[in-house]
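J.: prediction below, plus the sequence it came from.
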Amino acid sequence: MEKRMDTDKRVNYKTSSHDLVTEVDQECEKIIRETLQASYPDHQVLGEEGVEAGSEASRAALEAAREAEYLWIIDPIDGTTNFVHRFPFFCVSIGIAHQGEIIAGVIFDPVQNELFVAEKGKGATLNGERIRVSQEKTLETSLLATGFPAGIREARQVNINGILELGTKCRNIRTAGSAALHLAYVASGRLTGFWEIDLNAWDLAAGALLVKEAGGRVTDTTGQPYHIGVRNILATNGLIHDSVQRTLKDVKATGFES
Ligand code: 2AM
Ligand code: CA
Ligand code: CA
Ligand code: CA
């Protein structure tokens, strides 16, 4: 995949010019699906590129799939915009849910050759070494990350308000363009916390478990516990969670409700 970053790719628009897909996204998803189906023919697979574009179709696909005994939730490339622009920050994210609860997740960054793995109750690792969230106790010492919703202008504006509010309180903010890798970076202590609104199950499944298993806290932006239907995510080292959540609550715009 990282080799394909530098070659010409066919780029198509899904819902808008912010919402891209390449043939590499589709090829990766096909390979992952075929591999899973060969080993686990009874399991269901929910993958971004197997679902019609748009948030309504994404919600409906999750609703249809979430009752499955075993459900693989895959994002073949998280960070497609980066991939298209040759900005080297993207990954493959795969989570598996048993009766609706994520029990394992992997995130692979082919550029850095970093494999993040989490198994429920068994902790989280990076290339085989145990990882933990960071120890910052205050917003002033925290490095946060967020992302811009790809959808409508109003949703972006909401997050700009969030950035303005938190940006004056924390050490700094990164918006590097892959929700899953941002979560892996919270799990490994490189970021103190991450929030983003209007995401899908495949952006979050593996990363949410990684953060939890690394000792962090994962909720929606109102502080309700994470589940596979959550779209507005807040994941931190736990120590700054309430401060971030309170600040987002005070943002003078709507959109942070679940
Ligand atoms: P993607 O690269 O798999 O599409 C960056 O802010 C995050 O938003 C990425 O994880 C990206 O995932 C996701 N994203 C991009 N386009 C989106 C869209 N149209 N709707 C929802 N999420 C999107
Ligand atoms: Ca996408
Ligand atoms: Ca994604
Ligand atoms: Ca994707």
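T.: Arrived safely. Ligands and ions are numbered 1, 2, ... in the order given.

J.: surely Ala206 meets Phe108?
T.: No - Ala206 sits out of contact with Phe108 when judged by CB atoms under 8 Å, with a separation of 9.7 Å. Heads up, the C-betas are built off the backbone N, CA and C, glycines and all.

J.: these two: which has the busier surroundings?
T.: Under the neighbour definition other CB atoms under 10 Å, Ala206 and Phe108 were set side by side, and Ala206 has more, 31 against 19.

J.: Phe194 sits in which helix or strand?
T.: strand 193-196 (DSSP states H and E).

J.: tell me which other helices or strands that strand touches.
T.: Applying 3 or more CB pairs under 8 Å, 6 or more residues apart in numbering; DSSP states H and E, we find strand 193-196 packed against strand 143-146, helix 179-187, strand 233-236, helix 241-250.

J.: now these in JSON lines, please, with extra columns for mean neighbour count and distance to Ser55.
T.: As requested, these are exported to JSON lines (neighbours: other CB atoms under 10 Å; distance: least, CB to CB, whole Å):
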{"stretch": "strand 143-146", "mean neighbour count": "23", "distance to Ser55": "18"}
{"stretch": "helix 179-187", "mean neighbour count": "31", "distance to Ser55": "14"}
{"stretch": "strand 233-236", "mean neighbour count": "27", "distance to Ser55": "15"}
{"stretch": "helix 241-250", "mean neighbour count": "17", "distance to Ser55": "20"}
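
J.: can the strand holding Phe194 be found next to ligand 3?
T.: No - counting by CB under 5 Å from the ion, ligand 3 is not contacted by strand 193-196; separation bottoms out at 10.4 Å.

J.: what's downstream of that strand, the next helix or strand?
T.: Next in sequence after strand 193-196, counting helices and strands by DSSP H and E, comes helix 201-213.

J.: that next one vs ligand 4: in contact?
T.: No - when contact is scored as CB under 5 Å from the ion, no part of helix 201-213 falls within range of ligand 4; the minimum is 6.9 Å.

J.: and that helix, what's its mean pLDDT?
T.: pLDDT averaged over helix 201-213 equals 98, rounded to a whole number.

J.: swap in stretch 6-22?
T.: 89.

J.: also stretch 116-133?
T.: Mean pLDDT, taken over the full extent of stretch 116-133, equals 98.

J.: report the distance from it to the chain centre.
T.: 16 Å (CA atoms, centre = their mean, to the nearest Å).

J.: stretch 79-88 too?
T.: Taking CA atoms, centre = their mean, one finds stretch 79-88 lying 15 Å from the centre of the chain it belongs to.

J.: end to end, how far does it reach?
T.: Distance across stretch 79-88, first residue to last, is 9 Å (CA to CA, to the nearest Å).

J.: how about that stretch: buried residues?
T.: Gly79, Thr80, Thr81, Asn82, Phe83, Val84 (16 or more other CB atoms under 10 Å).

J.: and the fifth one, which of the three is it?
T.: In three-state terms, and counting by DSSP: H, G, I helix; E, B strand; the rest coil, Phe83 is helix.

J.: give me the neighbour count for the residue nearest to Gln99 when sequence neighbours are not counted.
T.: Computed as CB to CB, 6 or more residues apart in numbering, the closest residue to Gln99 that is not its neighbour in sequence is Glu69, at 6.5 Å. A total of 11 residues lie near Glu69 under the criterion other CB under 10 Å.
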